[in-house]
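below are the sequence and a predicted model; questions follow.
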Amino acid sequence: SRLDKLNFQLSTGYTVNVPSDDPVKTGSILRLRSSVKETEQYLRNTDHAISWLEATDTVLQELVNVIHRARDLAIQGANGTNDEAARRALADEVQQLAYSVEGLANSTHTGRYLFAGQSVGERPFSEITDGSLDFEYNGDSNRISYEIGVGSPLSVSINGEAVFKPIFDTLRDLHSSLQAGTGDSSIIERLDDAMDNVLSNVAEVGALQNRVGLANERLKDLRLNVVTLLGESQNIDYAETIMNLKTEEFIYQTALSVGARIIQPTLVD
């Protein structure tokens, strides 16, 4: 029986293979295994959160460039020396900028819309009337969250309507004023406000990235510690187990030899 148990331990690599081997240690091993699985799931959550935040940050950085260009066009449009052809050219570029913003607002990550709230399967922004540069929001104000620890949810999405709607409205009004040839002194100020709003969200995303990064490193250290404890609890010492196996094999062979000499069958038997 002892020989069979040692052989089984060598084949599995574990000291405890069934609860009856060591009931006390079995409970500890099961708790450690559960902790490893839990930590690995939190690690996967942090990986998903980091990926989502990186995609969001990329879109916001591109949006900053678009607003910068729109501001340049607004300044050019405010020049009273522009003729109708020049204003039309500026208006056409503003229109294309609005469609660029629409593309950014409808960005996806792993098949889900970044700025639709929890309605990740629904296109968040669509133009109400073709060519009007008037866009409506189809998402919701809820935020995507990931559990990165016990009772520690982290919201990773931002409010798409709050970020993009002011930009759409400002570009629409800029486009209309350029077409009509009437200046609007508030356009540049509104673009500056929109820029401040975007930069505020960029800062928030950066802070979230730092938090998730720290959580990810902490979880990796925790997993290493738990896996080490689990290995110490359930993994065999191969050198010691092989030595014990050889000892049991010697005892077993000796017992068979002694038994054979004590009971020697004869031809009469």
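Yep, it's here.

partners of the helix or strand hosting Glu136, with directions?
Assigning secondary structure by DSSP states H and E places Glu136 in strand 135-137. Counting by DSSP bridges, the strands paired with strand 135-137 are strand 125-127 (antiparallel).

ok, and what's touching the partner strand?
102, 105-106, 115, 133-138, 160, 164, 168 (CB atoms under 8 Å, 6 or more residues apart in numbering). Heads up, the C-betas are built off the backbone N, CA and C, glycines and all.

again, only this time at 10 Å
Contacts to strand 125-127, defined as CB atoms under 10 Å, 6 or more residues apart in numbering, come from residues 98-99, 101-106, 113, 115-116, 133-139, 160-161, 164-165, 168.

for PyMOL, what selects the buried ones among these?
To isolate the buried subset of these in PyMOL, counting by 16 or more other CB atoms under 10 Å, use the following:
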select buried, resi 98+101+102+104+105+106+113+115+116+133+135+137+138+139+160+161+164+165+168
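
just the ones of the contacts of strand 125-127 in strands?
113, 135-137 (DSSP state E).

tell me the SS of the nearest residue to Gln118 once chain neighbours are set aside?
Nearest residue to Gln118, sequence neighbours excluded (CB to CB, 6 or more residues apart in numbering): Asn142, at 4.1 Å. Assigned by DSSP: H, G, I helix; E, B strand; the rest coil, the conformation of Asn142 is coil.

what's the burial count for Asn142?
For Asn142, the count of nearby residues is 13 (other CB atoms under 10 Å).

how far does the strand holding Glu136 sit from the chain's center?
Offset of strand 135-137 from its chain centre (CA atoms, centre = their mean, to the nearest Å): 27 Å.

residues making contact with it?
With contacts defined as CB under 10 Å, 6+ apart, strand 135-137 is touched by 98-99, 101-102, 105-106, 115-117, 124-128, 159-162, 164-165, 167-169, 171-172.

residues near Ala162, how many?
The burial count assigned to Ala162 is 13, neighbours taken as other CB under 10 Å.
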